[in-house]
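Enquirer: Got a sequence here, can you model it:
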Amino acid sequence: MIKFLCLSLLIVTSAWAQPMDRIIAVVEDEVLLESDLRDMARTISLQLRQRQVALPPQDVFLSQVLERLIIKKLQMLTAARTGIRLGDDSLNDSIKNIARNNKMTLSEFRDVLERDGFDYSVFRESIREDMIISRLHKVQIGDKIRVSDREIDAFLATEAAQGGAQDAYRLYHILISVPEAASPGQVQASQARLDKVQLLLAEGGDFSEIASGYSDGQNALEGGDLGWRSQGELPSLFAKQVPNLAVSEVSEVIRSGSGFHLIKLADKKTQETHMVKQTSASHILVNTNDLVSDEDAKNRLEKLRQRVENGEDFAELARAHSDDMVSAVRGGSLGWTTPGTMVPEFEKRMNALAKNEMSEVFKSRFGWHLIMLHDRREQNMADEYKRSQAREQIHSRKMAEEVDNWLRELRDSSYIEYRDL
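Expert: Numbering: from 1, shown residues only. Below you'll find the model as predicted:
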């Protein structure tokens with residue numbers, strides 16, 4: 001079965017009827033049609049059935065799908081206003097990657113989609129929309145998030161104190177929303193829904209099915225599934241409660257500005273120790289320009305390579321001839337590097353070398369190179385790596401929280417007019 005990367009990629013079926021189209025909502029100055037709702041509803045329903053998650057009652061289900069459709073439309077309108085576009089080249093590359101991840105050629109992938117009744121042009125546009133929204137989140141939120149060294153220090157200190165740096169948690173979430181500046185009646189109505197949810201859970205109801213039917217969270221239609229989260233990726237609101245939960249346990253009610261939350265810990269695991277492979281190498285770089293052609297640069301390095309083979313010191317030649325001024329003063333030394341540090345063409349050549357072996361002369365986007373490999377090692381959770389991981393986890397957590405807040409504000413500040421379903 002094809003493993004699609006986002007909700008909108010699932011293959012649609014023909015089980016849903018095709019009634020006459022009509023307007024079901026107005027979002028800002030654009031309309032949503034019943035066909036839009038129908039297409040998304042059958043896509044999501046198929047996904048839920050594949051995951052063996054029971055559908056909520058149809059009126060609840062369609063209401064949730066409509067809300068998701070509205071949020072998506074608002075984001076696409078915002079992206080258009082801010083000039084975010086996606087060219088066909090980037091879109092095609094993404095689709096090729098999806099096909100490759102499913103171990104198919106693009107042609108084979110397209111045949112599978114069409115054979116199963118999915119319109120390829122609709123598929124392409126759904127991918128385009130998801131990529132545009134991802135870029136929108138990066139521009140509006142991700143690029144503005146800063147993670148300080150002090151935050152990283154505190155994060156690592158907390159991990160050390162808890163002794164659970166490697167713990168990861170599989171979480172499910174139910175949100176019963178409470179509007180901003182809610183009236184006593186609105187709070188009471190939300191409390192009544194919360195009481196109903198807690199009663200269903202106490203009677204042994206399935207958390208995912210209850211989430212699908214009652215939750216106002218962004219993941220409601222996935223049964224509230226938040227996936228696996230490391231300690232650092234836990235939302236701040238849940239960070240203290242989750243590590244203390246037993247597997248299959250549901251948290252006490254957690255109150256926030258957005259409403260009432262319940263968290264279920266579905267599973268917990270200790271991740272394997274991460275070993276970082278590092279390489280020690282030196283290089284000599286010769287740049288090309290108006291005066292130095294590719295042939296000239298290659299010939300110069302070929303002569304330097306011959307001099308090393310004849311017994312001259314690589315480091316001394318790098319100091320005298322390399323155009324990489326940063327490494328040249330260190331005799332061409334690049335220090336200990338980790339995978340992904342160098343450009344792919346350089347890293348491929350370096351990885352093919354044995355200890356104390358020198359590469360052939362080759363070209364990268366930066367010029368012509370000659371590499372001398374000195375040594376390799378594996379480091380177990382080096383401090384630099386741990387800080388990098390901590391930075392990524394803190395950024396990821398902040399990003400998730402800020403996206404939720406931003407979507408809520410976007411929804412509240414936009415003009416939405418519902419038409420009868």
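Enquirer: Output the contacting helices and strands for the lowest-mean-pLDDT helix or strand in the chain.
Expert: Lowest by mean pLDDT, DSSP states H and E among the helices and strands of the chain is helix 34-50, with a mean of 81. Here helix 34-50 touches strand 23-27, helix 58-81, going by 3 or more CB pairs under 8 Å, 6 or more residues apart in numbering; DSSP states H and E. C-beta here means a position set from N, CA and C on the backbone, and glycine is covered the same way.
Enquirer: ok, 10 Å please
Expert: Helices and strands touching helix 34-50, as assessed by 3 or more CB pairs under 10 Å, 6 or more residues apart in numbering; DSSP states H and E, comprise strand 23-27, helix 58-81, helix 120-140, helix 207-214.
Enquirer: Can you tell me which of these is packed in deepest?
Expert: Highest mean neighbour count of these: helix 207-214, a mean of 22 (counted as mean count of other CB atoms under 10 Å).
Enquirer: just the angle between that one and helix 58-81, please?
Expert: 80 degrees (axes from the mean of the first three to the mean of the last three CA atoms, to 10 degrees).
Enquirer: residue with max distance from the center of this protein?
Expert: No residue in the chain sits farther from the centre than residue 310, which is 50.7 Å out by CA atoms, centre = their mean.
Enquirer: hmm, back to that, of all the helices and strands packed on helix 34-50, which one is nearest residue 332?
Expert: Residue 332 lies closest, by CB to CB, to one member of the helices and strands packed on helix 34-50: helix 120-140, at 36.4 Å.
Enquirer: hmm, who's touching the helix or strand just after the closest one?
Expert: Remark: after helix 120-140, the chain's next helix or strand is helix 149-162, criterion DSSP states H and E. In this structure, residues lying in contact with helix 149-162 by CB atoms under 10 Å, 6 or more residues apart in numbering are 147-148, 164-167, 230-232, 239, 243, 383, 386-391, 393-395, 397-398.
Enquirer: any idea how far the residue lying closest to residue 307 once chain neighbours are set aside is from residue 342?
Expert: Excluding its sequence neighbours, the residue lying closest to residue 307 (CB to CB, 6 or more residues apart in numbering) is residue 317, at 6.4 Å. For residue 317, the distance to residue 342 equals 20 Å [CB to CB, to the nearest Å].
Enquirer: Check residue 378 too.
Expert: 18 Å.
Enquirer: Looking at those two, which is more packed in?
Expert: residue 342 (21 against 9; other CB atoms under 10 Å).
Enquirer: Skip the chain neighbours and tell me the closest residue to that one.
Expert: residue 350 (6.8 Å).
Enquirer: what's around the one you found, how many residues?
Expert: Count around residue 350 with other CB under 10 Å applied: 20.
Enquirer: follow-up on the earlier one: show me the contacts for the residue farthest from the centre of the chain.
Expert: No contacts exist for residue 310 under CB under 10 Å, 6+ apart.
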